[in-house]
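Enquirer: Using only what follows, build the 3D model:
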Amino acid sequence: MTNTDTQTYKKLGFWERNRLSGGYLLKKVVGEKAVSIIRFILLFGMCFMIIQPILNKISVSFMTEQDLYNPIVISIPEHFTTANYRLAAELISLKEAVFNSLIISLTIAALQIAMCTLVGYGFARFEFPFKKFWFACVLLVILIPPQTIASSLHLHFRYFDILGIFKLITGETINLRGSKLPYYLMSAGCMGLKNGLYIYMIRQYFRNIPGDLEEAAYVDGCGTLKTFITIMLPQARPIITSCFLFAFVWQWTDGFYSRMFLGNTKLVSTGLSRIVDSLGAYIQRINGVKTTISVAYSNCILATGTLIIIVPLIIIYLFAQREFVESISSTGIKM
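Expert: Take a look at the predicted model:
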(Lines give C-alpha, C1' and ligand atoms only; values in the text may rest on other atoms or scores of the structure.)
Protein backbone atom coordinates (compact mmCIF):
# COMPACT_ATOMS: atom_id res chain seq x y z
CA MET A 1 0.00 0.00 0.00
CA THR A 2 1.45 3.37 -1.07
CA ASN A 3 1.49 6.52 1.05
CA THR A 4 -1.41 7.93 -0.96
CA ASP A 5 -3.51 4.82 -0.31
CA THR A 6 -2.62 4.95 3.38
CA GLN A 7 -3.72 8.57 3.70
CA THR A 8 -6.93 7.85 1.84
CA TYR A 9 -7.62 4.85 4.10
CA LYS A 10 -7.11 6.95 7.24
CA LYS A 11 -9.64 9.52 6.02
CA LEU A 12 -12.36 6.88 5.82
CA GLY A 13 -14.80 6.43 8.70
CA PHE A 14 -14.45 3.64 11.22
CA TRP A 15 -17.21 1.45 9.82
CA GLU A 16 -15.96 1.88 6.29
CA ARG A 17 -12.47 0.80 7.32
CA ASN A 18 -13.97 -2.10 9.25
CA ARG A 19 -15.89 -3.20 6.14
CA LEU A 20 -12.72 -3.04 4.05
CA SER A 21 -10.85 -5.12 6.67
CA GLY A 22 -13.55 -7.77 6.69
CA GLY A 23 -14.55 -7.01 10.29
CA TYR A 24 -11.00 -7.35 11.64
CA LEU A 25 -10.82 -3.71 12.82
CA LEU A 26 -13.93 -4.05 15.00
CA LYS A 27 -12.64 -7.29 16.54
CA LYS A 28 -9.29 -5.64 17.27
CA VAL A 29 -10.83 -2.58 18.94
CA VAL A 30 -13.28 -4.68 20.98
CA GLY A 31 -10.45 -6.99 22.09
CA GLU A 32 -8.24 -4.06 23.15
CA LYS A 33 -11.09 -2.47 25.10
CA ALA A 34 -11.92 -5.78 26.80
CA VAL A 35 -8.28 -6.29 27.80
CA SER A 36 -8.14 -2.72 29.15
CA ILE A 37 -11.31 -3.22 31.20
CA ILE A 38 -10.08 -6.54 32.62
CA ARG A 39 -6.71 -4.98 33.45
CA PHE A 40 -8.43 -2.07 35.20
CA ILE A 41 -10.63 -4.41 37.26
CA LEU A 42 -7.65 -6.53 38.32
CA LEU A 43 -5.51 -3.52 39.24
CA PHE A 44 -8.38 -1.87 41.08
CA GLY A 45 -9.07 -5.08 43.00
CA MET A 46 -5.41 -5.49 43.96
CA CYS A 47 -5.11 -1.85 45.05
CA PHE A 48 -8.31 -2.10 47.05
CA MET A 49 -7.07 -5.24 48.81
CA ILE A 50 -3.90 -3.39 49.79
CA ILE A 51 -5.47 -0.07 50.76
CA GLN A 52 -8.69 -1.32 52.37
CA PRO A 53 -7.09 -2.50 55.67
CA ILE A 54 -5.35 0.86 56.01
CA LEU A 55 -8.61 2.71 55.35
CA ASN A 56 -10.30 0.60 58.02
CA LYS A 57 -7.58 1.45 60.53
CA ILE A 58 -7.89 5.16 59.72
CA SER A 59 -11.65 5.00 60.21
CA VAL A 60 -11.41 3.09 63.50
CA SER A 61 -8.71 5.37 64.88
CA PHE A 62 -11.12 8.34 64.91
CA MET A 63 -13.96 6.45 66.61
CA THR A 64 -14.96 6.55 70.25
CA GLU A 65 -15.55 3.31 72.14
CA GLN A 66 -19.27 3.95 71.74
CA ASP A 67 -18.94 3.98 67.94
CA LEU A 68 -17.02 0.71 67.96
CA TYR A 69 -20.05 -1.17 69.27
CA ASN A 70 -22.64 0.80 67.31
CA PRO A 71 -23.93 -1.44 64.47
CA ILE A 72 -25.00 1.63 62.50
CA VAL A 73 -21.44 3.02 62.36
CA ILE A 74 -19.41 1.24 59.68
CA SER A 75 -16.77 3.48 58.14
CA ILE A 76 -17.59 7.08 59.11
CA PRO A 77 -17.36 7.83 62.86
CA GLU A 78 -20.48 9.26 64.47
CA HIS A 79 -18.49 10.81 67.33
CA PHE A 80 -15.25 12.02 65.77
CA THR A 81 -12.30 12.11 68.18
CA THR A 82 -8.52 12.42 68.16
CA ALA A 83 -8.15 11.18 71.74
CA ASN A 84 -7.02 7.78 70.47
CA TYR A 85 -3.95 9.33 68.87
CA ARG A 86 -3.01 11.21 72.05
CA LEU A 87 -3.45 8.05 74.13
CA ALA A 88 -1.50 5.84 71.71
CA ALA A 89 1.33 8.39 71.56
CA GLU A 90 1.51 8.44 75.35
CA LEU A 91 1.47 4.65 75.65
CA ILE A 92 4.39 4.16 73.27
CA SER A 93 6.32 7.23 74.59
CA LEU A 94 6.20 8.64 71.09
CA LYS A 95 8.87 11.37 71.21
CA GLU A 96 11.53 9.25 72.86
CA ALA A 97 10.63 6.14 70.84
CA VAL A 98 10.72 7.99 67.51
CA PHE A 99 14.08 9.60 68.33
CA ASN A 100 15.66 6.29 69.37
CA SER A 101 14.16 4.42 66.42
CA LEU A 102 15.33 7.08 63.99
CA ILE A 103 18.92 7.00 65.25
CA ILE A 104 19.12 3.21 65.40
CA SER A 105 17.34 2.60 62.08
CA LEU A 106 19.51 5.11 60.22
CA THR A 107 22.81 3.89 61.65
CA ILE A 108 21.97 0.20 61.29
CA ALA A 109 20.67 0.68 57.74
CA ALA A 110 23.75 2.68 56.72
CA LEU A 111 26.09 0.06 58.22
CA GLN A 112 24.22 -2.83 56.61
CA ILE A 113 24.17 -1.27 53.15
CA ALA A 114 27.83 -0.23 53.32
CA MET A 115 28.94 -3.77 54.12
CA CYS A 116 26.46 -5.49 51.81
CA THR A 117 27.51 -3.25 48.92
CA LEU A 118 31.13 -4.35 49.32
CA VAL A 119 30.15 -8.01 49.56
CA GLY A 120 27.68 -7.82 46.66
CA TYR A 121 30.28 -6.12 44.46
CA GLY A 122 32.81 -8.80 45.33
CA PHE A 123 30.41 -11.58 44.37
CA ALA A 124 29.54 -9.82 41.11
CA ARG A 125 33.02 -8.92 39.86
CA PHE A 126 35.70 -11.07 41.45
CA GLU A 127 36.66 -14.73 41.45
CA PHE A 128 37.86 -16.28 44.70
CA PRO A 129 38.03 -19.77 46.23
CA PHE A 130 34.69 -21.37 47.15
CA LYS A 131 32.77 -18.48 45.65
CA LYS A 132 29.69 -20.58 44.89
CA PHE A 133 29.78 -22.09 48.37
CA TRP A 134 29.86 -18.67 50.04
CA PHE A 135 27.08 -17.41 47.82
CA ALA A 136 25.03 -20.47 48.79
CA CYS A 137 25.59 -19.40 52.41
CA VAL A 138 24.19 -15.98 51.50
CA LEU A 139 21.09 -17.66 50.10
CA LEU A 140 20.77 -19.68 53.31
CA VAL A 141 20.78 -16.43 55.29
CA ILE A 142 17.76 -15.40 53.20
CA LEU A 143 15.94 -18.71 53.57
CA ILE A 144 16.56 -19.60 57.23
CA PRO A 145 14.34 -17.64 59.66
CA PRO A 146 16.32 -15.76 62.32
CA GLN A 147 14.20 -17.40 65.05
CA THR A 148 16.00 -20.69 64.40
CA ILE A 149 19.31 -19.24 65.62
CA ALA A 150 17.88 -17.15 68.47
CA SER A 151 19.25 -19.45 71.18
CA SER A 152 22.69 -19.53 69.58
CA LEU A 153 22.77 -15.75 69.33
CA HIS A 154 21.71 -15.39 72.95
CA LEU A 155 24.45 -17.72 74.21
CA HIS A 156 27.07 -16.27 71.87
CA PHE A 157 26.63 -12.71 73.09
CA ARG A 158 25.91 -13.70 76.70
CA TYR A 159 29.32 -15.38 76.85
CA PHE A 160 31.09 -13.33 74.19
CA ASP A 161 34.72 -14.06 73.51
CA ILE A 162 37.14 -13.82 70.59
CA LEU A 163 39.22 -16.99 70.22
CA GLY A 164 39.33 -17.30 74.01
CA ILE A 165 41.39 -14.10 74.37
CA PHE A 166 39.11 -12.33 76.85
CA LYS A 167 38.82 -15.39 79.07
CA LEU A 168 42.58 -15.88 78.95
CA ILE A 169 43.26 -12.30 80.04
CA THR A 170 40.41 -11.60 82.47
CA GLY A 171 39.39 -15.12 83.43
CA GLU A 172 35.83 -14.71 82.20
CA THR A 173 33.85 -13.89 79.07
CA ILE A 174 32.02 -10.63 78.35
CA ASN A 175 28.27 -10.27 78.67
CA LEU A 176 27.06 -8.10 75.78
CA ARG A 177 23.39 -8.69 76.45
CA GLY A 178 21.45 -5.52 77.11
CA SER A 179 23.67 -3.35 74.89
CA LYS A 180 23.42 -2.23 71.28
CA LEU A 181 26.89 -3.51 70.38
CA PRO A 182 25.83 -7.08 69.38
CA TYR A 183 23.39 -5.79 66.80
CA TYR A 184 25.97 -3.46 65.29
CA LEU A 185 28.50 -6.32 65.20
CA MET A 186 25.99 -8.54 63.39
CA SER A 187 25.17 -5.80 60.89
CA ALA A 188 28.87 -5.17 60.24
CA GLY A 189 29.31 -8.89 59.62
CA CYS A 190 26.37 -9.03 57.18
CA MET A 191 24.35 -11.17 59.57
CA GLY A 192 21.81 -8.52 60.48
CA LEU A 193 18.16 -8.27 59.49
CA LYS A 194 17.69 -9.27 55.79
CA ASN A 195 21.38 -8.78 54.95
CA GLY A 196 21.37 -11.80 52.65
CA LEU A 197 18.63 -10.24 50.54
CA TYR A 198 20.54 -6.96 50.19
CA ILE A 199 23.69 -8.80 49.09
CA TYR A 200 21.71 -10.73 46.49
CA MET A 201 19.98 -7.62 45.08
CA ILE A 202 23.19 -5.59 44.93
CA ARG A 203 25.07 -8.48 43.35
CA GLN A 204 22.43 -8.82 40.64
CA TYR A 205 22.55 -5.10 39.91
CA PHE A 206 26.35 -5.00 39.60
CA ARG A 207 26.28 -8.01 37.26
CA ASN A 208 24.08 -6.03 34.87
CA ILE A 209 26.52 -3.10 34.69
CA PRO A 210 28.83 -3.45 31.64
CA GLY A 211 32.37 -4.46 32.53
CA ASP A 212 33.74 -2.03 29.93
CA LEU A 213 33.36 0.80 32.45
CA GLU A 214 35.74 -0.86 34.88
CA GLU A 215 38.19 -1.81 32.12
CA ALA A 216 38.31 1.79 30.92
CA ALA A 217 38.96 2.96 34.48
CA TYR A 218 41.77 0.42 34.89
CA VAL A 219 43.34 1.59 31.63
CA ASP A 220 43.23 5.18 32.91
CA GLY A 221 45.22 4.12 35.98
CA CYS A 222 42.46 3.66 38.56
CA GLY A 223 42.89 0.96 41.14
CA THR A 224 40.21 -1.45 42.26
CA LEU A 225 39.05 0.67 45.20
CA LYS A 226 39.04 3.95 43.27
CA THR A 227 37.14 2.31 40.41
CA PHE A 228 34.58 0.98 42.86
CA ILE A 229 34.08 4.35 44.57
CA THR A 230 34.18 6.68 41.56
CA ILE A 231 32.70 4.51 38.80
CA MET A 232 30.57 1.71 40.23
CA LEU A 233 28.95 3.36 43.25
CA PRO A 234 27.38 6.22 41.26
CA GLN A 235 26.01 3.63 38.80
CA ALA A 236 24.51 1.64 41.67
CA ARG A 237 22.77 4.57 43.36
CA PRO A 238 19.23 3.30 42.59
CA ILE A 239 19.76 -0.15 44.11
CA ILE A 240 21.64 1.26 47.10
CA THR A 241 18.77 3.67 47.72
CA SER A 242 16.23 0.86 47.50
CA CYS A 243 18.18 -1.43 49.82
CA PHE A 244 18.62 1.43 52.27
CA LEU A 245 14.86 2.00 52.22
CA PHE A 246 14.26 -1.71 52.81
CA ALA A 247 16.79 -1.76 55.65
CA PHE A 248 15.33 1.34 57.28
CA VAL A 249 11.72 0.16 57.02
CA TRP A 250 12.42 -3.36 58.26
CA GLN A 251 14.52 -2.05 61.13
CA TRP A 252 11.85 0.55 61.99
CA THR A 253 9.17 -2.13 62.30
CA ASP A 254 11.32 -5.04 63.50
CA GLY A 255 10.27 -6.75 66.68
CA PHE A 256 12.50 -9.84 66.85
CA TYR A 257 16.01 -8.36 66.83
CA SER A 258 14.83 -5.24 68.66
CA ARG A 259 13.50 -7.27 71.59
CA MET A 260 16.55 -9.53 71.60
CA PHE A 261 19.27 -6.87 71.47
CA LEU A 262 17.56 -3.53 72.11
CA GLY A 263 14.94 -4.52 74.67
CA ASN A 264 16.03 -1.83 77.14
CA THR A 265 15.67 0.92 74.53
CA LYS A 266 12.31 2.51 73.85
CA LEU A 267 11.49 1.99 70.16
CA VAL A 268 8.31 2.40 68.15
CA SER A 269 8.28 -1.29 67.21
CA THR A 270 8.65 -2.61 70.76
CA GLY A 271 6.27 0.06 72.05
CA LEU A 272 3.65 -1.00 69.54
CA SER A 273 4.02 -4.68 70.44
CA ARG A 274 3.34 -3.82 74.11
CA ILE A 275 0.69 -1.17 73.54
CA VAL A 276 -2.25 -3.37 74.61
CA ASP A 277 -0.51 -4.29 77.88
CA SER A 278 0.38 -0.64 78.40
CA LEU A 279 -3.25 0.28 77.82
CA GLY A 280 -4.37 -2.14 80.54
CA ALA A 281 -1.82 -0.70 82.98
CA TYR A 282 -2.87 2.84 82.06
CA ILE A 283 -6.58 2.15 82.67
CA GLN A 284 -5.75 0.43 85.95
CA ARG A 285 -3.69 3.42 87.05
CA ILE A 286 -6.51 5.82 86.16
CA ASN A 287 -9.33 3.83 87.76
CA GLY A 288 -7.35 2.48 90.67
CA VAL A 289 -8.65 -1.06 90.08
CA LYS A 290 -7.85 -3.72 87.53
CA THR A 291 -10.23 -3.39 84.58
CA THR A 292 -10.76 -5.69 81.64
CA ILE A 293 -10.22 -3.83 78.38
CA SER A 294 -12.68 -4.61 75.60
CA VAL A 295 -11.26 -6.31 72.54
CA ALA A 296 -12.65 -3.69 70.18
CA TYR A 297 -11.08 -0.79 72.09
CA SER A 298 -7.75 -2.62 72.38
CA ASN A 299 -7.75 -3.17 68.60
CA CYS A 300 -8.68 0.48 68.11
CA ILE A 301 -5.65 1.70 70.08
CA LEU A 302 -3.44 -0.86 68.34
CA ALA A 303 -4.65 0.35 64.92
CA THR A 304 -4.00 3.95 65.96
CA GLY A 305 -0.47 3.13 67.10
CA THR A 306 0.17 1.29 63.82
CA LEU A 307 -0.87 4.35 61.82
CA ILE A 308 1.40 6.57 63.90
CA ILE A 309 4.52 4.53 63.21
CA ILE A 310 3.91 4.02 59.47
CA VAL A 311 3.46 7.74 58.70
CA PRO A 312 7.26 8.41 58.60
CA LEU A 313 7.71 5.42 56.27
CA ILE A 314 5.11 6.76 53.83
CA ILE A 315 6.79 10.18 53.83
CA ILE A 316 10.20 8.63 53.11
CA TYR A 317 8.80 6.56 50.27
CA LEU A 318 7.17 9.60 48.66
CA PHE A 319 10.57 11.30 48.41
CA ALA A 320 12.50 8.21 47.28
CA GLN A 321 9.98 6.42 45.07
CA ARG A 322 11.72 7.32 41.79
CA GLU A 323 14.99 5.69 42.83
CA PHE A 324 13.07 2.76 44.28
CA VAL A 325 11.12 2.01 41.09
CA GLU A 326 14.21 2.47 38.92
CA SER A 327 16.23 -0.02 40.94
CA ILE A 328 13.50 -2.65 40.94
CA SER A 329 13.11 -2.38 37.16
CA SER A 330 16.88 -2.51 36.61
CA THR A 331 17.69 -5.45 38.89
CA GLY A 332 17.52 -8.45 36.60
CA ILE A 333 17.90 -12.11 37.50
CA LYS A 334 21.20 -13.02 35.86
CA MET A 335 22.68 -16.23 37.17
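
Enquirer: What segments of the stretch 51-200 of the chain are helices?
Expert: Assigned by DSSP state H, counting those that start in this stretch, the helices in the stretch 51-200 of the chain fall at 65-68, 83-91, 94-125, 131-143, 150-158, 165-170, 181-188, 195-207.

Enquirer: Can you check which of those gets nearest to residue 266?
Expert: Across those, the minimum distance to residue 266, taken as Cβ to Cβ, is reached by helix 94-125, at 4.8 Å. Quick note: C-beta positions are derived from backbone N, CA and C, even for glycine.

Enquirer: And stretch 77-86, end to end?
Expert: 17 Å (Cα to Cα, to the nearest Å).

Enquirer: Reformat the helices of the stretch 51-200 of the chain as a markdown table; add mean pLDDT.
Expert: Formatted as a markdown table, these follow (pLDDT from 0 to 100):
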| stretch | mean pLDDT |
| --- | --- |
| helix 65-68 | 82 |
| helix 83-91 | 88 |
| helix 94-125 | 90 |
| helix 131-143 | 87 |
| helix 150-158 | 82 |
| helix 165-170 | 79 |
| helix 181-188 | 86 |
| helix 195-207 | 88 |
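
Enquirer: Which one, of these, ends up nearest to residue 256?
Expert: So among the helices of the stretch 51-200 of the chain, helix 150-158 is nearest, using Cβ to Cβ, at 7.8 Å.

Enquirer: buried ones in the closest one?
Expert: If you call a residue buried by 16 or more other Cβ atoms under 10 Å, then helix 150-158 has these buried ones: 153, 157.

Enquirer: Can you give the contact residues for it?
Expert: If you take Cβ atoms under 8 Å, 6 or more residues apart in numbering as the criterion, helix 150-158 is touched by 175, 176, 177, 182, 186, 256, 260, 261.

Enquirer: and which of these is nearest to residue 51?
Expert: residue 256 (27.2 Å).

Enquirer: Apart from its neighbours in sequence, what residue is nearest that closest one?
Expert: Among residues not flanking residue 256 along the chain, residue 146 sits closest, at 6.0 Å (Cβ to Cβ, 6 or more residues apart in numbering).

Enquirer: So the one you found sits against residue 191, correct?
Expert: No - look at residue 146 against residue 191 with Cβ atoms under 8 Å: they stay out of range, at 9.2 Å.

Enquirer: in the chain, which helix or strand is least confident?
Expert: None of the helices or strands of the chain scores lower by mean pLDDT, DSSP states H and E than helix 3-11, at a mean of 58.

Enquirer: After that one, heading C-terminal, what element do we hit next?
Expert: Sequence order places helix 14-20 as the next helix or strand after helix 3-11, per DSSP states H and E.

Enquirer: So for that following helix, mean pLDDT?
Expert: For helix 14-20, the mean pLDDT works out to 71.

Enquirer: these two touch, right, residue 278 and residue 92?
Expert: Yes - here residue 278 reaches residue 92: they are 7.4 Å apart, a contact under Cβ under 8 Å.

Enquirer: who has more neighbours, these two?
Expert: Neighbours were counted for residue 278 and for residue 92 using other Cβ atoms under 10 Å; residue 92 has more, 26 against 19.
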